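A.B. asks: what's the 3D shape of this:
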Amino acid sequence: MKTILSILVVLSVVGCASTSSLQRPDSYYAGKYQAESEGSTDLFGTGELLSDADIERILSYKLTLPKLNRVAILKLSEDSYWRYYSNDFTELSDSITTNFVQALVASPKIYDASFLPSMLVPEKRTVPYLREAAARYQADLLLVYRSSCNSYQKYRFLAANETKAYCNVEAALLDVRKGIVPFTSVATNSYLLVKNTDDTNFNETKKKAELEAIAVSLGEVADALVLFLAGMD
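C.D. replies: Below you'll find the model as predicted:
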């Protein structure tokens, strides 16, 4: 399989920003009500709207995870046709996915990270339906993410054959047992790329730059999640 560097002629990765959830300090829970003491109590109640008591119970709840977890992954944004445009794009897309999963299973608290089977993905992608789908997959956690990109050619320092992609990855972690979202992360990266002689057209160059920026952002999200889980002892 070709490596990413052999597929692309890279100028540079420029600029990045990421923001992720922090652990609550233990002092936050001092004197707080713990819903877990009530066993199977539903944190979110049974009505359509949360009562004040429901909200208090949710905010006061301290999430604990099993020592080992299966993480189901669901991409909410759609794949473009570029994935199947050529063998290079297929390899690049597969490489991004593989690296993302490998970064997640580097956590000693994750024994398996795999994509939620498409046949289980509900039409209504709301928390209750997603939670049920993940439970059927026997996943302890559900990691949902989506990516978005913008590419620019008209930029002060860009030549005619250069493109700059800005890509954003948003992710949220759902605890399947309780429906709590303990972790979120947003990572943004830009990627500067020059058109390769092997590129059929400039649109192909633009898409490659976007995929590279997404790859970097996904890596940052995975690293942030691994660090977050390490703090949940």
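A.B. asks: now do the phi/psi pair for residue 172.
C.D. replies: Main-chain torsions, residue 172, degrees, to the nearest 10: phi -140, psi 140.
A.B. asks: which residue is the nearest non-sequential neighbour of it?
C.D. replies: Among residues not flanking residue 172 along the chain, residue 184 sits closest, at 4.8 Å (CB to CB, 6 or more residues apart in numbering). C-beta: built from backbone N, CA, C; applies to glycine.
A.B. asks: likewise for residue 125?
C.D. replies: Closest residue in space to residue 125, ignoring its immediate chain neighbours: residue 76 at 6.8 Å, by CB to CB, 6+ apart.
A.B. asks: residue contacts, that neighbour?
C.D. replies: Residue 76 makes contact with 125, 144, 145, 146, according to CB atoms under 8 Å, 6 or more residues apart in numbering.
A.B. asks: what stretches of the protein score poorly on pLDDT?
C.D. replies: Filtered on pLDDT under 70, the chain yields the residue ranges 1-15, 30-41, 45-47, 79-86, 152-161, 193-202.
A.B. asks: all strands of it, in order?
C.D. replies: 10-20, 69-75, 110-115, 141-152, 162-175, 183-194 (DSSP state E).
A.B. asks: list the buried residues for the biggest helix by length in the chain?
C.D. replies: For the chain, the helix that runs over the most residues, judged by DSSP state H, is helix 202-230. If you call a residue buried by 16 or more other CB atoms under 10 Å, then helix 202-230 has these buried ones: 204-226, 228-229.
A.B. asks: from the chain's centre, how far out does it sit?
C.D. replies: Mean-position distance between helix 202-230 and its chain equals 9 Å (CA atoms, centre = their mean, to the nearest Å).
A.B. asks: that helix to strand 69-75, inter-axis angle?
C.D. replies: 150 degrees (axes from the mean of the first three to the mean of the last three CA atoms, to 10 degrees).
A.B. asks: could you list every helix and strand in contact with helix 202-230?
C.D. replies: Contacts defined by 3 or more CB pairs under 8 Å, 6 or more residues apart in numbering; DSSP states H and E place helix 202-230 against helix 4-7, strand 10-20, helix 87-105, strand 141-152, strand 162-175, strand 183-194.
A.B. asks: buried residues in the third one, which are they?
C.D. replies: Just to be clear, that refers to helix 87-105. Residues of helix 87-105 classed as buried: 88, 89, 91, 92, 93, 95, 96, 100, 101, 103, 104, 105 (neighbour count, 16+ other CB under 10 Å).
A.B. asks: redo these as JSON lines? Include distance to residue 164.
C.D. replies: Shown next, in JSON lines, are those (distance: CB to CB, whole Å):
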{"residue": "88", "distance to residue 164": "20"}
{"residue": "89", "distance to residue 164": "19"}
{"residue": "91", "distance to residue 164": "23"}
{"residue": "92", "distance to residue 164": "18"}
{"residue": "93", "distance to residue 164": "21"}
{"residue": "95", "distance to residue 164": "22"}
{"residue": "96", "distance to residue 164": "19"}
{"residue": "100", "distance to residue 164": "23"}
{"residue": "101", "distance to residue 164": "28"}
{"residue": "103", "distance to residue 164": "25"}
{"residue": "104", "distance to residue 164": "29"}
{"residue": "105", "distance to residue 164": "32"}
